[in-house]
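Visitor: sequence and predicted structure, then a few things I'm wondering about:
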Amino acid sequence: KQKHDGARAELTGAQNQMEIIKEKIKTKDTFITELEGKIEKHQSEASEARKVEQECLKQEESLIPLEQAARQKVVEIKSTRDSEKNHGTVLKAILQAKESKEIDGIYGRLGDLGAIDAKYDVAISTACHGLDYIVVETTNSAQACVELLRRRNLGIATFMILEKQAHHLRKLQEKVKTPEGVPRLFDLVKVKDEKLKLAFFATLGNTVVAKDLDQATRIAYTADNEFRRVVTLDGALFEKSGTMSGGGGKPRGGKMGTSIRESVSEEAVMNAENDLNKLVDQLSKLRENINDAKKRYRSLEDAKSRLEMELAKAKKEVESMNAQYTYNEKRLDSLEAAANPKDDEISRMKELDDLISTEQVALKKLEKSSSKLKDQASELQQKIENAGGQVLKDQKAKVEKIQSELDKTSSDINRHKVKITTCEKLMKKLAKGVEEAKKEMENLLAQKEKLMSVFKEIEKKAFLVQEDYKKTQEMIDTHKEELDKTKEDYNKTKKVVDELRATEVDAEYKLQDTKKLAKEWEMKVKAYKKRLADIQTNLAKHMDQLQKDAIDPEKLKETLSDEHLNEMCDLKKAMEMVALLEAQIKDSSPNLDSIAEYRTKARLYGERVDELNATTQERDDLKKLYDGLRKRRLDEFMAGFNLISLKLKEMYQMITLGGDAELELVDSLDPFSEGVVFSVRPPKKSWKNIANLSGGEKTLSSLALVFALHHYKPTPLYVMDEIDAALDFKNVSIVGHYVKDRTKDAQFIIISLRNNMFELADRLVGIYKTDNCTKSITINPGS
C-alpha cells in the first residue's frame, strides 16, 4: 500500500513538473522568436549602416581630389596675390592703372604672362633678362605709363612695346633644327595669348637649353652662330660673344611660374576660399557620417553577437527541457502502473487489512493481560525484598560491589591483554627490524672488505707512482745540466743572429747610401753632359769667330815687320810657360776608367728614362680611367639626385597640400665631400632645416623622401612602424591612400594604431593579449 501511495505521489509530481517544463518551453520559444527577430533587424540595420559607410567613402574619395585641387587653387591664388603685393611700387601702380582702365594696352610683367616647366625654371630665370619688363601694346601706352610714373614720382621701369617687335616675326615663324636636338627655350614657354610669343622671342631669340656643361660647351663653341647662346639646366650661361657665367652660390630661379599668372582680386580669393570651405564642410560632414555609420555598425554587430549568444543559450535550454520532458513522459507509464494496483493485489490488500485488524484486537487483549502480570511480578519482588530484611539488603549491596570490582578487574584484564598483544606485535616488528639491520650490517661489512681491497690496490699503485716520481726527478736532475748547456748554446746562437741582423741592417743602410751615391753620379753625369754640350757650343762659336778673325799672312807680313815681331814676342817667357804646362800635365793623374764608367751610367740613364716614360704613360692611362669613372659617378649621382629632388618636391606638395621641400648639395663642385641638405617649407611657414621641424612635420618630410626614393628605385618590400603616430586625421588619410595606391608596385607592411590607416589594408593582422598570452587574428577588410 505504501509503495502504491509513493508511486501516486511521484506520478503527481512528474505530471506537475511536465506542466512546468511545458510552460517554460513555450516561454523560451517565444523568447527565441523575439531574439531571431531582433537579430534579423540588427543584421539589416548593420547592412544599411555598412552601405551608408561605403557610399560616404565613395563620396569622400571623389571629394578628396576636388578638395585638394581647390586647396591648391587657393594656395596658388594667394601666392599670386602675395607675389603681386611683393612687386615694387612701380609695377603695382601700372597694374592698378590697368585694372582701373586708366591706361589701355598694358599686358603686365613679362614673367607673369607665360609659364614653363619647373625643370627649366633656373634656365629661363638666368637666360631671359627681360622677365621683369612690362609689356605694352603701343608706344602711346608706354609713354602714358612713363608719364604716370613721373607724375607720381615712383621711379623708372623698362617697357617692351609689342608693335616695335614686328621685325622678329619672320624669324619666329621659321622652323629651325637645333644642334644635338636640344630644345629652344622659347619653344618651352606656354602663353595664353599668341601675340605675347613675340615678346618672349624678342628677349630669348634662339637660346637653347643644354642638359649639362659639357653639352653646352660643345654647342656654344662648335655650332653655327645662330645657336651660340646656350644655357644649362643649372644656370650656366654661354653668350654669343663667347663669355660664360654661372656657378657660385645657389642658382636663381622663380622668375616665371609653372602656370600663367593672372591678376587676382580679393573677390577671386574669397570665392576660391568659399569653394574650398564648402568642400571642407562637405568632407567633414561625410567623415562624421562615416564615423557615425562605423560606430552604429560596430554597436549593431556587438548587439547582434550578444543576441546570437543568448539565442544559442536559449536553444540549449530548450533542448535540455525537451529532453527532461521526454524523460518524464517515459516515466509516466511506469509510475501509472505502480500507482494503480492490479485486482489480485487489491484483494490481497483487503485480506491483509482484515488480518491486521484481527491481529490488532488480539494485541490489545495481550497488552491488557501482560499489564496484570507485570503488576503481580512487582508485588512479588517487593515481598521478596521485605522477606530478607536488612541482612539481605547488605549482602545484596556487597554482591553488587563485588560484581562492580569484578567487572573492573575484568576490564583491566582485557586492557592488559590488549597491551600484551600490542607488545607482541611490536616485538615481532622489532625482531624484523633487527634481522634487516643484521642484513644491512652484513652488506656494509662486505662493502668494507671490497673497499679495503680497492684501497690496497690504490696503495700499491701509489707506491709505483712514487717510485716513478723519484726516477723522473732523478732524470730531471740528470738533464738539468744538458738543459743549462743548451740554454747557453741558444744564447750564443741568438747573439750571433743578432749580430747578423745588425750586419744586415748596416748592409741595407750601405745599400741605400750606394743608391744615393749612384743617383748623385747620375746627376753629375747629367751636369757633365750639359757642361760638355755648353763647351761644344762655345767651341763652335769660337771656331766661327776665329774663322771670321783669320788674317791673311800676306797682309800680316805687310802689317808687322820682323823687328817689330821680335820686340813683341819674348821667346824666353814662352818657353817658361811651355815647361810649366808640361810639368802640370806630368803631375796630374787622369782616370782613364771615367769614359767606361760614363758609358755605363749613360746606358743606365737611358733605361731609367724608358722606365719613367712607361710609368708616366701608365699613370696617365690610370688617371684618364679614374677621371672617367669620377665623371660617370658624378653624372649618375646628379641624374638620380635631380630626379629624387624633383619627386621629393612633388611628394611633399601632394602630402602637405601646399608645402615645399628641397634637396640641396652643400658643395655643388664636389657633391661627395659634404653631402646634401634637406630643407623643408611647411605650408604657410618659412624654410627650415629638417632638424628644426616638429614631430609630425618630420614624419611627413621623411615619408616624402621615402616615396621619392621609391619612385627612383622601387623596393619590393617596405616595413613601416607607426609612421602615422604623430599625424592628424587628414594627413593619416592622405598618406594611407597614397600607400594603398603604391601597393601596385610594392608590398607595404605597416604597424599602425590608427583606423584611418589600417582600414585601408588589403590584409589586416590584429595582435591582442588574453591570459598573459599574445595572440593574433587575420582578416581581409575588403572581403
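Guide: That came through fine. Numbering: from 1, shown residues only.

Visitor: low-confidence stretches in the stretch 351-500 of the chain?
Guide: Counting by pLDDT under 70, the stretch 351-500 of the chain shows low-confidence ranges at 351-356, 359, 362-363, 366-367, 369-374, 376-377, 381-396, 423.

Visitor: give me that answer again for 80
Guide: Regions of the stretch 351-500 of the chain meeting the criterion pLDDT under 80 cover residues 351-438, 440-441, 443-445, 447-448, 451-452, 454-456, 458-470, 472-488, 490-491, 493-500.

Visitor: which strands and helices sit next to the lengthiest helix in the chain?
Guide: Ordering each helix of the chain by length in residues (DSSP state H) puts helix 343-549 first. Packed against helix 343-549 by the contact rule (3 or more Cβ pairs under 8 Å, 6 or more residues apart in numbering; DSSP states H and E) you find helix 594-656. No exception for glycine: its C-beta is placed from N, CA and C like everyone else's.

Visitor: which neighbouring elements make contact with the helix it packs on?
Guide: helix 343-549, strand 660-665, helix 671-674, helix 695-712, helix 729-742.

Visitor: if you set the cut-off to 6 Å instead, what comes out?
Guide: Here helix 594-656 touches strand 660-665, helix 695-712, going by 3 or more Cβ pairs under 6 Å, 6 or more residues apart in numbering; DSSP states H and E.

Visitor: the helix or strand that contains Asp214 vs helix 594-656, what angle?
Guide: Assessed by DSSP states H and E, Asp214 sits inside helix 213-222. Here the directions of helix 213-222 and helix 594-656 differ by 110 degrees (axes from the mean of the first three to the mean of the last three Cα atoms, to 10 degrees).

Visitor: what about helix 213-222, average pLDDT?
Guide: What helix 213-222 shows for mean pLDDT is 80.

Visitor: whichever helix or strand comes after that helix pairs with which strands?
Guide: Going down the chain from helix 213-222, the next helix or strand is strand 230-232, by DSSP H and E. Using DSSP bridges, the strands paired with strand 230-232 in its sheet are strand 208-210 (parallel), strand 237-238 (antiparallel).

Visitor: could I get the buried residue list for the longest one?
Guide: Looking back up the chat, that one is strand 208-210. Neighbour-count burial for strand 208-210, with 16 or more other Cβ atoms under 10 Å as criterion, is recorded at 208-210.

Visitor: which of the residues you listed sits closest to Ile116?
Guide: Among these, Val209 lies closest to Ile116 (Cβ to Cβ), at 10.3 Å.

Visitor: dig out what that closest one forms beta bridges with.
Guide: Val231.

Visitor: so it sits against Phe186, correct?
Guide: No. Using Cβ atoms under 6 Å, Val209 is not in contact with Phe186; the gap is 10.1 Å.

Visitor: kindly format the C-alpha coordinates of stretch 757-773 as PDB.
Guide: Extracted in PDB, the C-alpha atoms of stretch 757-773 (Å, rounded to 0.1, in the frame of the first residue of the first chain):
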ATOM      1  CA  MET A 757      45.400  53.700 -41.900                       C
ATOM      2  CA  PHE A 758      44.700  50.000 -41.100                       C
ATOM      3  CA  GLU A 759      41.200  50.000 -42.500                       C
ATOM      4  CA  LEU A 760      42.700  50.600 -46.000                       C
ATOM      5  CA  ALA A 761      44.800  47.500 -45.800                       C
ATOM      6  CA  ASP A 762      44.200  44.500 -48.100                       C
ATOM      7  CA  ARG A 763      45.100  42.200 -45.200                       C
ATOM      8  CA  LEU A 764      44.800  43.100 -41.500                       C
ATOM      9  CA  VAL A 765      46.600  41.200 -38.700                       C
ATOM     10  CA  GLY A 766      45.300  42.100 -35.300                       C
ATOM     11  CA  ILE A 767      47.500  41.500 -32.200                       C
ATOM     12  CA  TYR A 768      45.900  41.100 -28.800                       C
ATOM     13  CA  LYS A 769      46.600  39.600 -25.400                       C
ATOM     14  CA  THR A 770      44.500  37.400 -23.200                       C
ATOM     15  CA  ASP A 771      45.500  35.300 -20.200                       C
ATOM     16  CA  ASN A 772      49.000  36.700 -20.400                       C
ATOM     17  CA  CYS A 773      49.400  35.200 -23.900                       C
END
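
Visitor: list the contacts of Ile458.
Guide: With Cβ atoms under 6 Å, 6 or more residues apart in numbering as the criterion, no residue contacts Ile458.

Visitor: gap between it and Leu464?
Guide: Distance of Ile458 to Leu464, computed by Cβ to Cβ, to the nearest Å: 11 Å.

Visitor: go on, Leu753?
Guide: Taken as Cβ to Cβ, the span from Leu753 to Leu464 is 79 Å.

Visitor: sorry, back to before: what is the nearest of the buried residues of strand 208-210 to Asn289?
Guide: Closest approach to Asn289 among those (Cβ to Cβ): Val209, at 51.5 Å.

Visitor: which residues touch the closest one?
Guide: Val209 makes contact with 123, 182-183, 185, 231, according to Cβ under 6 Å, 6+ apart.

Visitor: buried among those? Make that a ChimeraX selection.
Guide: Buried subset of those, written as a ChimeraX selection, criterion 16+ other Cβ under 10 Å:
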select :123,182,185,231
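
Visitor: next step: the contacts of Val209 restricted to helices.
Guide: Reading helices off the contacts of Val209 with DSSP H, I get Ala123.

Visitor: could the contacts of Val209 be laid out in JSON lines, adding distance to Asp281 and pLDDT?
Guide: Shown next, in JSON lines, are the contacts of Val209 (distance: Cβ to Cβ, whole Å; pLDDT from 0 to 100):
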{"residue": "Ala123", "distance to Asp281": "43", "pLDDT": "84"}
{"residue": "Val182", "distance to Asp281": "50", "pLDDT": "86"}
{"residue": "Pro183", "distance to Asp281": "45", "pLDDT": "87"}
{"residue": "Leu185", "distance to Asp281": "45", "pLDDT": "83"}
{"residue": "Val231", "distance to Asp281": "47", "pLDDT": "86"}
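
Visitor: turn the contacts of Val209 into CSV, columns for distance to Thr656.
Guide: Shown next, in CSV, are the contacts of Val209 (distance: Cβ to Cβ, whole Å):
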residue, distance to Thr656
Ala123, 27
Val182, 35
Pro183, 32
Leu185, 31
Val231, 32
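
Visitor: which other residues reach stretch 19-33?
Guide: With contacts defined as Cβ under 6 Å, 6+ apart, stretch 19-33 is touched by 314, 318, 321, 324-325.
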